[in-house]
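1. A predicted structure for the sequence below; I have some questions about it.
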Amino acid sequence: MDGAPIAKRGGIPRGISNTGPIVFSYGFRPFFLGAASWAILSMVLWIAAIEFGFPAGGTYGAVQWHAHEMLFGFAPAVLAGFLLTAVPNWTGRLPVSGFPLVVLLSIWLAGRVAMLSSGTIGLLPAVAIDASFLLSFLFICAREVIAGRKWKDLKVIAGLAGLTTANIFFHYSVINGDATGTATRLAISAYAMLVIIVGGRILPSFTRNWLNRFGRTDFPAPYDTFDVTAIFGALGTFALWTFWPESKGTAIAAVVAAILQGVRLMRWRGWTTHPEKLLLVLHAAYLFVSLGFIAITAGATGLMDQVSVLHVLTIGSIACMMLAVMTRVSRGHTGRVLTSSATTNAAYMAIIAAAIVRPVANVFPATHQVLVPAAGILWILAFGLFLFEYAPMLTRAKRTSK
């Protein structure tokens, strides 16, 4: 079982003893399974709602439920799977495993059921049950980073805190009958900043390691003042967009941020990785960060509606990056070769296509009735392919080299 403690010389323990099912030996296993399953089921329910009037979300409201479950149901599960695996590597502490992991997953599952059952159990109880997951997860991650004295990783905790706040704000807006736009943009900004921060950590590192395997020396540029400038430029732009999405200041800042993020991506030399799609897709997902800032500019100047702006960021930069990370982490931590299969590549193509099709549906209203369900089907296909290929890996013991 890959949950048994293994300490390499000069390294850190990898996992903890666990006499239960292998799926609860590491956080990425149950949460990636749960995230992909919920991505499919929640999208099926949303398509049923818009096509046949299915009352998804009950008293919460179908539109609000859909937005909430994408931002605070599906996405946090992916984030949990990644951080519960990555934080132990960052801090040198043991991961959450076994019964505590079962409890955390149960809290997340309870939130999904509660959000579907608000008409039965009441809106306030549903909200309280849902909010408990991100609060619990924030506490766990903050505790580990502080205990490990990894102060540079507090910026990740700040992003998670922003997401937790956005969830509570979203619920508050729904309960009071207010617009949820600000809460939605705050959540998307938090996710996008995590992509920018963590992506800036893993993309150049993975790219350098891959190039080094072939004796190449055309490595990505090292982290320097330019990266810091790009990060703070993005942070400032997202702050403007969150509260003033249609201001001239937001439009100008987003143009600058798009350029900075585009140059940053170029500095990582992603085109050199084209033979390996498992790595190339990470760069493709990060490209949507820059495209997202271009979309913010278009939205601020009236050239694009805000719903389209949201989907460029949510499906393109966030969901695409999440699927890319899910496949890589699943392969790496179950002992598989770090190379993508035809099935994995098809999943990548489907999520990228969804990221293009969904905004186009709003840009060209005449296509809306056809393209919105089409984007949903592409989304279902992407995560369905993930489950088809990766569910067996996630539920079986880690392969070991002989």
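-> Okay, I see it.
2. so what's the most centrally placed residue in the chain closest to, chain neighbours aside?
-> The centroid of the chain falls nearest to Met322 when counting by CA atoms, centre = their mean (4.2 Å). Spatial nearest neighbour of Met322, excluding adjacent residues (CB to CB, 6 or more residues apart in numbering): Val78 at 4.3 Å. Where C-beta positions appear, they are placed from N, C-alpha and C, glycine not excepted.
3. and that neighbour, that one's in a helix?
-> Yes: according to DSSP: H, G, I helix; E, B strand; the rest coil, Val78 belongs to a helix.
4. tell me the confidence at it?
-> Note for Val78: predicted pLDDT of 97.
5. same question, Ile146
-> Looking at Ile146, its pLDDT reads 87.
6. report the secondary structure state of it.
-> With three-state DSSP as the basis, Ile146 sits in helix.
7. quick one: it from Phe133, how far?
-> 20 Å (CB to CB, to the nearest Å).
8. do the same with Ala300
-> Per CB to CB, Ala300 is found 33 Å from Phe133.
9. next: Phe206.
-> For Phe206, the distance to Phe133 (CB to CB) stands at 29 Å.
10. hang on, the earlier thing: could you list every residue that touches the residue nearest to the centre of the chain?
-> Counting by CB atoms under 8 Å, 6 or more residues apart in numbering, Met322 touches 35, 75, 78-79, 82.
11. would you mark the buried spots in the one helix or strand it maps to?
-> Element membership for Met322 (DSSP states H and E) is helix 320-332. Residues of helix 320-332 classed as buried by neighbour count (16 or more other CB atoms under 10 Å): 320-331.
12. for that helix, what is the distance to the chain centroid?
-> Relative to the centre of its chain, helix 320-332 is centred 10 Å away, using CA atoms, centre = their mean, to the nearest Å.
13. quick one, whichever helix or strand comes after it and helix 320-332 angle?
-> As assigned by DSSP H and E, the chain's next helix or strand after helix 320-332 is helix 342-363. On the basis of axes from the mean of the first three to the mean of the last three CA atoms, to 10 degrees, helix 342-363 is oriented at 170 degrees to helix 320-332.
14. before we move on, back to that, Phe206 and Phe133: who's more crowded?
-> Using other CB atoms under 10 Å as the criterion, Phe206 and Phe133 rank with Phe133 on top: 25 against 20.
15. touching, that one and Ser106? I think so.
-> No: look at Phe133 against Ser106 with CB atoms under 8 Å: they stay out of range, at 9.6 Å.
16. which of the buried residues of helix 320-332 lies closest to His368?
-> Using CB to CB, the shortest approach to His368 within the buried residues of helix 320-332 belongs to Cys320, at 22.2 Å.
17. give the contact list for Trp210.
-> 273, 276, 279.
18. what's around the closest residue to Ser330 other than its chain neighbours, how many residues?
-> Of all residues not flanking Ser330 in the chain, Tyr390 sits nearest, at 4.9 Å (CB to CB, 6+ apart). Neighbour count of Tyr390, defined by other CB under 10 Å: 24.
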